[in-house]
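Q: here is my input; please provide its structure:
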Amino acid sequence: MLTGCGASKKPPVPGPVIDGEEAYHVIVAGGEPEGVAAALSAARNGVKVLLVEESDALGGLMTHGMLNFLDQNNGPNRELLTQGIFHEFYKALGNAFDIENAKEWFLRKCNNEPNLILMLNTEIIAPVMDGNTIIGLEIKEKGSAAPQVIRSLAVIDATADGDIAAAAGAPYTVGGEDYGAHGLKQGVTLVFEVAGVNWRSVRRHIRSDGNPETGAGRRAAWGYNEEVRSYTTTDGNMRFRAPNIALLRNNNVLINGLIIFGVDAHDPASYAEGIARAQQEIPHIIDFMRVNFPGFENASFVRHADQLYVRETRHFIGEYRLTITDVLENRDHWDRIGHGSYPVDVQASGPDSTGNVIGAPDIYSIPFRCLVPLEIDQLLIVSRSASYDSLPHGSTRVIPVGMVAGEAGGVAAVYSVTHGVTFRQMAYDADAILWVQNRLKRQKAYLVEYEPPRLEVMDHWAYSAMALMRELGLAAGGYSNDYRLDVEMESRWALQNRLNSVMMLVNERTADRGEYRIPAFETSLNTDDITVGILFIEAAQCLSMGDRSRLTAIQADAGEALKPLAFAGAEEAKNYLMQHGVLDPDILQHFPDIEATATIGQLHSILAALFTTLMEQGD
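A: Residues are numbered from 1 along each chain as shown. Down below sits the predicted model:
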C-alpha cells in the first residue's frame, strides 16, 4: 500500500535523478518507531523520503509486539532526555497507550509529511549495492507480480535486527559473543492481554507491598515480585518474572512477564515454535495469577501479540562501539546525537539465569559514529542493533533511545545528501556533526555537553579491576551501583564460579591460538571461609593450569594430564603469583592480612590480574 502527502497541501520536493529516473534522497527500511522517527526527521528537513514496511501498520514492537509500556530515560535533574519526535509521541499518548491509538498516530504523522512516501505491505528483498556502497533496495509490494528496484542517495536501516546491514555485509557480533559469551542472548517475550482485572486492587496491593522496586500509577504498574517466585513453568525453558502491566482504555491489561528461552529470532521455525510454546504456557500463568495476584481473581485471556518481543540478536560494529564503561561512567562524546539513562537491564538468557541489572547511569551520550557500520557506505543503523556492545545494549535497546537515534539518523542523512559527503566522512568531521547537533536542537531534541557525574565507587582502589570484570560480564552493581567491593566473600562457590568464568573467557578469546586451551578448574575447598590465603592458592592453581610454557610441554606428552600445581601454603602461592606478574606491590598493599576473609574488591583485583596475565601468555 502506497500512502503519503495525505493531509498537507504543500507540494513535495522532487527527488534526485539517478540514471535518468527520479529517485529518493533517503530510504528508511522498517516501520519500527525508530524508522518512523528517522523518516519524519529527514522529510521535515526538505528531502524526499521513502519509508518501507513489510506489515500493514507502523509501530513494530509498540504495535505488533504490543509493548505499550515505555521505558523512560531521565537525567540527573529528572529531565526527560529523549525529547524531539519521541516526546511528540509521549505527549500525545502517554507512558502507557492503546495499540490502535499508536498505529493511528504513526500513520497520521507520516501521511501529514508531504516529502514522505509510505509503502506498507512491502517486502524488502535485498539491498542494492555498488561495490561497498548501498544505492537502494529491491522491494516487492504485496500482490505485485514482480519485485522492483528503488534507488536513493542514502539508506537508513531501522529494522530491529539490522537485516539490511547484515545482507549488505556489515560486520556484527551476536548476543554476548563480544565478551566471550557465545550463544548467550536475552530471552524473548510474548505480551498478552487479560480481561477482568480490578485495577484499583492492583494499585492498592502494589503500593502497600513495602518493596521500593515496585510501583503502580494511573495506567502502568510493575510488581508482584514476591508472588511470582512460586510459579513454575510447565515448559522448563521459560520463566514468568515479575510483570510490567499496562491498563488499556477498555479496562483490559497487557502483561509483559513471560520470558521464553531457546528462540532463534532469525529462524522462522524457531520463532514460530517460540510463539506456540508461549501460547501453551499462558493459560497456566492466568490460572496462577487468579489465585496469587490480588486484583486478578477474575482474569481471563483475550489475545496475545502478533510478534515476539525480541530483545537481542545482532550487534553491529561501527566506527565506534559504545561500551559498558561509557554508559556506567556517564561519559559524554564529542559527536553526541542523543542521550540515554535507562538502567543496564540484561534479561535472563536461560532457565538457570536470573538476568542482572549491571548498573544505572545518570546520563550518557550516544556517538554518531555508533550509527555508521564498518565496510558499508551510505548506510546508517538506528535500531537496537546499532554499534553498542552487548552489555550496554541492556540500556540502549529501549524504544525511546532508539527513536532518538532514528531522529538523528534522519538529520544526518539530510546533511549527507545535500552536502555530498558520506556518513563515514561525517563521522570524523566536526563541522558536519555540529550541523547535525544544531538541527536536532531546532527540532527540540535534548542535546547537551556535560561534565560526567562521578560515582563514589570510581575512587575505590579496586575499581579499575572491577571495571574490567564488568566488561567481561562478571560484575554488577544493580540499580544503586553498589558493587560491594568491601564486603567479605560469602562462599567457595562464588570463588569457584568466578575463577571458572575467567578461565572460560580466556579460552573463548584465545580459540584461534591453537593448543592454548585450559581445562575446567574445580576447587577442592571444603570451607566457606575464603581467606586471602585461600584466594592466593586457588588463583595460583588456575594460573598454573593456564601457564602456556607448562601447558605446551604437558600437551606434547599425550599420556600426561594437565593438573593444577599443588602449593604448600599461601606464601608459596603468593610467590608463584608474583613471579608471573599477577601480584605486584601496588596490588599487594591491599592484602595486608593473609588470614583475613577476602573481600569482593580483592577478588576482582586478583581475577583482573589473572585474566590479563593469561591473555598475555596466549599472545
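
Q: check which helix or strand residue 616 maps to.
A: Here residue 616 sits within helix 600-617, counting by DSSP states H and E.

Q: kindly report the same for residue 544.
A: Going by DSSP H and E, residue 544 is in helix 532-546.

Q: same check, this time on residue 594
A: Residue 594 belongs to no helix or strand when assigned by DSSP H and E.

Q: over to residue 436?
A: In this assignment (DSSP H and E), residue 436 forms part of helix 430-442.

Q: that helix: which residues count as buried?
A: For helix 430-442, the neighbour count (16 or more other CB atoms under 10 Å) marks 432, 433, 435, 436, 437, 439, 440 as buried. Heads up, the C-betas are built off the backbone N, CA and C, glycines and all.

Q: helices and strands around the helix holding residue 544, which ones?
A: helix 492-509, helix 570-579, helix 600-617 (3 or more CB pairs under 8 Å, 6 or more residues apart in numbering; DSSP states H and E).

Q: including mean neighbour count and distance to residue 126, could those go into CSV?
A: Converted to CSV, the helices and strands packed on helix 532-546 look like this (neighbours: other CB atoms under 10 Å; distance: least, CB to CB, whole Å):
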stretch, mean neighbour count, distance to residue 126
helix 492-509, 18, 33
helix 570-579, 18, 55
helix 600-617, 22, 40
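
Q: looking at those, which is closest to residue 357?
A: Minimum separation from residue 357 across the helices and strands packed on helix 532-546 (CB to CB) falls at helix 600-617, 16.9 Å.

Q: now the buried residues of helix 430-442 as CSV including pLDDT?
A: What follows is these, written out as CSV (pLDDT from 0 to 100):
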residue, pLDDT
432, 98
433, 98
435, 98
436, 98
437, 98
439, 98
440, 98
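
Q: any chance of these in TSV, with distance to residue 184 too?
A: Shown next, in TSV, are the buried residues of helix 430-442 (distance: CB to CB, whole Å):
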residue	distance to residue 184
432	37
433	34
435	40
436	35
437	36
439	39
440	35
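
Q: just to revisit the earlier point, check the offset of the helix holding residue 544 from the chain's centre.
A: 34 Å (CA atoms, centre = their mean, to the nearest Å).

Q: and the angle from it to helix 570-579?
A: Relative orientation of helix 532-546 versus helix 570-579 (axes from the mean of the first three to the mean of the last three CA atoms, to 10 degrees): 50 degrees.

Q: could you report the neighbour count for residue 408?
A: 29 (other CB atoms under 10 Å).

Q: oh sorry, the question was meant for residue 585
A: By other CB under 10 Å, the residues close to residue 585 number 7.

Q: report the separation between it and residue 591.
A: Using CB to CB, to the nearest Å, we find residue 585 at a distance of 11 Å from residue 591.

Q: could you list every helix and strand in contact with the helix holding residue 616?
A: helix 463-471, helix 492-509, helix 532-546, helix 585-588.

Q: need the contact list for the spatially most central residue of the chain.
A: The centroid of the chain falls nearest to residue 393 when counting by CA atoms, centre = their mean (2.4 Å). Residues near residue 393 by CB atoms under 8 Å, 6 or more residues apart in numbering: 312, 315, 384.

Q: go on, residue 305?
A: 64, 65, 66, 67, 190, 191, 192.

Q: can you tell me which of those residues is nearest residue 493?
A: Proximity of these to residue 493 was ranked by CB to CB; the top entry is residue 190 with 33.9 Å.

Q: surely the closest one is in contact with residue 309?
A: Yes: at 7.2 Å, residue 190 counts as touching residue 309 under the criterion of CB atoms under 8 Å.

Q: right, and residue 56 touches residue 121 too?
A: Yes: using CB under 8 Å, residue 56 is in contact with residue 121, at 5.5 Å.

Q: the two: which has the busier surroundings?
A: residue 121 (16 against 12).

Q: for burial, what's the neighbour tally of the residue nearest to that one when sequence neighbours are not counted?
A: What sits nearest to residue 121 in space, not counting adjacent residues and going by CB to CB, 6 or more residues apart in numbering, is residue 142, at 3.9 Å. Neighbour count for residue 142, taken as other CB under 10 Å: 13.

Q: check residue 59 too.
A: If we define neighbours as other CB under 10 Å, then residue 59 has 27 of them.

Q: quick check: which element contains it?
A: Per DSSP H and E, there is no helix or strand for residue 59.

Q: show the contacting residues for it.
A: Counted by CB under 8 Å, 6+ apart, residue 59 has contacts 31, 32, 33, 36, 99, 102, 103, 106.

Q: any idea how many residues pack against the third one?
A: When neighbours are defined as other CB under 10 Å, residue 33 has 28 of them.
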